[in-house]
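Participant: my questions are about this predicted structure, shown below with the sequence.
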Amino acid sequence: MRPPHSVQQLVSLDPATGEPVGSVPLTPIEAIPRLVFQAREAQRSWGALTHAQRAEILRPAAARLKAEAKRLGALASREMGKPLPEAIGEANHCADGFTGELDGIVAALSDVVREDGRLTSVLRHAPLGVCAAITPWNFPILMPHQSVLPALVAGNTVLLKPSEETSLVACEYAGILNEFLPPGVLTPVFGDGAQGRALVLADVNLVVFTGSRETGKKILADAGPGLKRVILELGGKDPLLVLDDADLDAAAAFAVRNSFRNAGQVCVSTERIYVDARIHGDFLRKMIERTALLKQGNPAEPGVGIGPMVNARQKAKVVAQVEDAVRAGARVAAGGEPRGGNFVAPVILVDVNHTMEIMREETFGPVACVQSFATIDEAVRLANDTPFGLGAAVFGADTARAAEVAARIEAGMVGVNGGCGGANGSPWVGMKESGYGFHSGPEGHRQFAQVRVISRPRVAASAG
Ligand code: ADP
């Protein structure tokens with residue numbers, strides 16, 4: 001029996017070896033309302049500051065994050081299995097962009113003046129109150145960073161509930177910000193879906209969530225009775241269209257990189273590839289050649305491009321989808337050898353169709369499914385035959401034609417001859433069941449604030 005006041009620990013396991021990496025104290029469900037109450041108390045003085053003042057308080061955290069980037073990256077790599085250079089790159093990306101991000105958020109939330117003949121109105125971006133930020137494990141530094149920073153600068157206090165798979169690195173990240181923040185402004189909450197759900201049901205005003213479509217639907221239902229604001233960045237089933245005039249080397253390189261990066265555990269992974277029938281054979285050959293060059297193994301080893309899946313449950317889901325597709329007539333064109341532990345060898349599937357689960361449900365694993373098309377209309381129809389609508393890509397040498405095809409794809413973000421992420425300042429946005437609210441860029445940042453309109457009679461300009 002546990003002693004009455006012992007604290008239960010949430011242990012993180014290294015998915016490459018199964019060894020424990022460390023642990024954090026599990027947040028008891030019954031403690032959550034009190035933590036939210038403390039966050040509400042802290043919000044009064046935090047919310048009374050200006051956006052610029054809050055940004056100034058956070059600004060020194062950039063250098064601290066930079067100084068700790070290697071350590072945080074190494075921890076993230078061990079905790080969830082992405083290759084070490086990618087994990088360190090993620091930490092550096094957050095640190096290097098920190099100051100610019102703060103400035104961007106302050107600018108996005110500054111007052112806007114609207115005038116007509118009668119009135120002068122000031123649009124203010126006020127705090128919403130207390131924000132629950134619930135984040136996934138696949139980008140365990142970037143996801144908390146992108147959720148927490150705009151929420152804080154907007155004047156909200158935040159309870160950060162990171163994925164139960166990556167509590168350690170989130171704890172370190174929150175610790176760095178908390179070196180500079182007043183108490184109660186940023187509170188980490190550790191646990192799984194039960195702690196997440198308790199937070200959504202508690203007295204919070206905004207829920208910012210990145211994760212699966214299924215969990216997003218549950219959060220929306222739980223937030224509904226209280227009409228709480230929600231920002232949901234959900235999964236995808238991103239298509240890649242390879243048109244007849246595409247640079248096949250570039251398209252194959254992109255397909256391999258974007259299907260297998262982070263072992264396919266990226267919400268904008270390429271999961272469905274549609275190739276013009278006239279170039280299908282050449283494209284596939286190039287993809288197979290490039291896939292054979294990938295090195296899979298322990299993410300800490302130099303040269304490893306693909307680590308393990310995050311856990312056994314994720315591996316079982318991916319393997320089941322592949323086996324189901326093969327039973328239904330799909331053919332393994334490359335890879336897919338059985339691997340031990342949480343590893344899944346990258347696999348290219350052909351002879352797939354939309355009756356298969358693997359073409360309908362998010363896979364979130366290192367699987368590339370390649371199907372041919374006869375006409376662009378058919379390719380667009382196939383690309384849009386999904387409830388998801390996060391990212392997409394179109395490859396074609398005639399970029400004007402490729403851009404026209406891109407505009408016909410029902411996805412929030414479409415890249416021509418490249419990935420779907422937009423230029424600096426563009427929002428990260430999904431369509432259909434991939435998103436309900438969005439983030440980043442001025443449009444995204446403003447969702448963390450309550451717009452208020454304060455109007456007064458316009459003072460007539462004095463004559464002469
Ligand atoms: P995965 O299971 O692949 O990690 P989820 O979308 O279930 O993806 O998890 C993303 C985040 O949502 C995690 O932090 C998880 O603990 C949390 N979560 C899971 N279920 C719920 C829920 N019902 N309410 C709130 N948060 C949840």
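Facilitator: Sure thing, it's come through. Numbers count the residues shown, from 1 in each chain.
Participant: flag the shaky bits of the protein, pLDDT-wise.
Facilitator: 1-5, 460-464 (pLDDT under 70).
Participant: for the ligand, give me its nearest residue in it.
Facilitator: Gly196 (2.3 Å; C-beta to the nearest ligand atom). For every residue, glycine as well, the C-beta is placed using N, CA and C.
Participant: what residues are up against that residue?
Facilitator: Neighbouring residues of Gly196 by C-beta atoms under 8 Å, 6 or more residues apart in numbering: Ile134, Lys161, Thr215, Ile219.
Participant: list buried residues within those residues.
Facilitator: Ile134, Lys161, Thr215, Ile219 (16 or more other C-beta atoms under 10 Å).
Participant: pretty sure the second one contacts Gly191?
Facilitator: Yes: between Lys161 and Gly191 there is a contact under C-beta atoms under 8 Å: 7.0 Å.
Participant: what about the ligand: which of the contacts of Gly196 touch it?
Facilitator: The subset of those lying close to the ligand, counting by C-beta under 6 Å from any ligand atom, consists of Ile134, Lys161, Thr215, Ile219.
Participant: quick one on the thing from earlier: of the contacts of Gly196, closest to Ala312?
Facilitator: Thr215 (19.1 Å; C-beta to C-beta).
Participant: contact residues of this structure facing the ligand?
Facilitator: So the chain meets the ligand at 134-137, 161, 163-164, 192-193, 196-197, 200, 211-212, 215, 218-219 (C-beta under 6 Å from any ligand atom).
Participant: now Ala63, what's its secondary structure?
Facilitator: helix (DSSP: H, G, I helix; E, B strand; the rest coil).
Participant: quick revisit: mind listing which of the ones next to the ligand among the contacts of Gly196 are in strands?
Facilitator: Ile134, Lys161 (DSSP state E).
Participant: got a list of what Lys286 touches?
Facilitator: So Lys286 contacts Leu248, Asp249, Ala252 (C-beta under 8 Å, 6+ apart).
Participant: mind checking the SS state of the last one?
Facilitator: Judged by three-state DSSP, the three-state class of Ala252 is helix.
Participant: chain neighbours aside, what residue packs nearest to it?
Facilitator: Lys286 (3.7 Å; C-beta to C-beta, 6 or more residues apart in numbering).
Participant: so how far is Gly235 from the one you found?
Facilitator: From Lys286 over to Gly235 the distance is 28 Å, taken as C-beta to C-beta, to the nearest Å.
Participant: number of nearby residues for Val370?
Facilitator: 22 (other C-beta atoms under 10 Å).
Participant: does it touch Ile288 like I think?
Facilitator: No: the pair Val370 / Ile288 is not scored as a contact, 10.0 Å apart, by C-beta under 8 Å.
Participant: so what's in contact with the two at the same time?
Facilitator: Ala333, Ile348.
Participant: and the contacts of stretch 71-86?
Facilitator: Outside stretch 71-86, the residues touching it (C-beta under 8 Å, 6+ apart) are 12, 14-16, 21, 65, 87-92, 137-138, 140-141, 165-166, 168-169, 172-173, 261-263, 299-300, 304-310, 342.
Participant: okay, buried residues for it please.
Facilitator: So stretch 71-86, judged by 16+ other C-beta under 10 Å, has buried residues 72-84, 86.
Participant: still on that earlier bit, just the buried residues from the contacts of Lys286, in PyMOL please.
Facilitator: The buried residues among these can be selected in PyMOL (16+ other C-beta under 10 Å) with this line:
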select buried, resi 248+252
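Participant: quick check, nearest of the contacts of Lys286 to Ala333?
Facilitator: Ala252 (12.6 Å).
Participant: got the contact list for that closest one?
Facilitator: Contacts of Ala252 (C-beta under 8 Å, 6+ apart): Phe283, Lys286, Met287, Glu289, Arg290.
Participant: follow-up on the earlier one: let me have the ones next to the ligand among the contacts of Gly196 in JSON lines, adding distance to Arg331 as columns.
Facilitator: Converted to JSON lines, the ones next to the ligand among the contacts of Gly196 look like this (distance: C-beta to C-beta, whole Å):
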{"residue": "Ile134", "distance to Arg331": "39"}
{"residue": "Lys161", "distance to Arg331": "42"}
{"residue": "Thr215", "distance to Arg331": "33"}
{"residue": "Ile219", "distance to Arg331": "39"}
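Participant: follow-up on the earlier one: let me know the closest of the contacts of Gly196 to Cys420.
Facilitator: Thr215 (22.2 Å).
Participant: need the phi and psi values for Ala333.
Facilitator: phi -90, psi -20 (degrees, to the nearest 10).
Participant: can you pull out the strands in the stretch 251-400 of the chain?
Facilitator: 270-276, 331-335, 347-350, 367-373, 391-395 (DSSP state E, counting those that start in this stretch).
Participant: quick one, helices of the stretch 101-250 of the chain?
Facilitator: Shown for the stretch 101-250 of the chain, the helices assigned by DSSP state H, counting those that start in this stretch span residues 142-153, 167-178, 193-201, 213-223, 248-260.
Participant: count of neighbours near the residue lying closest to His145 once chain neighbours are set aside?
Facilitator: Nearest residue to His145, sequence neighbours excluded (C-beta to C-beta, 6+ apart): Cys94, at 4.5 Å. When neighbours are defined as other C-beta under 10 Å, Cys94 has 23 of them.
Participant: ok, Cys94 - contacts?
Facilitator: Leu65, Ala69, Ile141, Leu142, His145.
Participant: what's the burial count for the first one?
Facilitator: The reference is to Leu65. Leu65 has 22 nearby residues by other C-beta under 10 Å.
Participant: could the strands of the stretch 251-400 of the chain be laid out in a markdown table, adding distance to Pro60?
Facilitator: Formatted as a markdown table, the strands of the stretch 251-400 of the chain follow (distance: least, C-beta to C-beta, whole Å):
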| stretch | distance to Pro60 |
| --- | --- |
| strand 270-276 | 39 |
| strand 331-335 | 47 |
| strand 347-350 | 46 |
| strand 367-373 | 43 |
| strand 391-395 | 34 |
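Participant: closest to Gln43 out of those strands?
Facilitator: strand 391-395 (34.6 Å).
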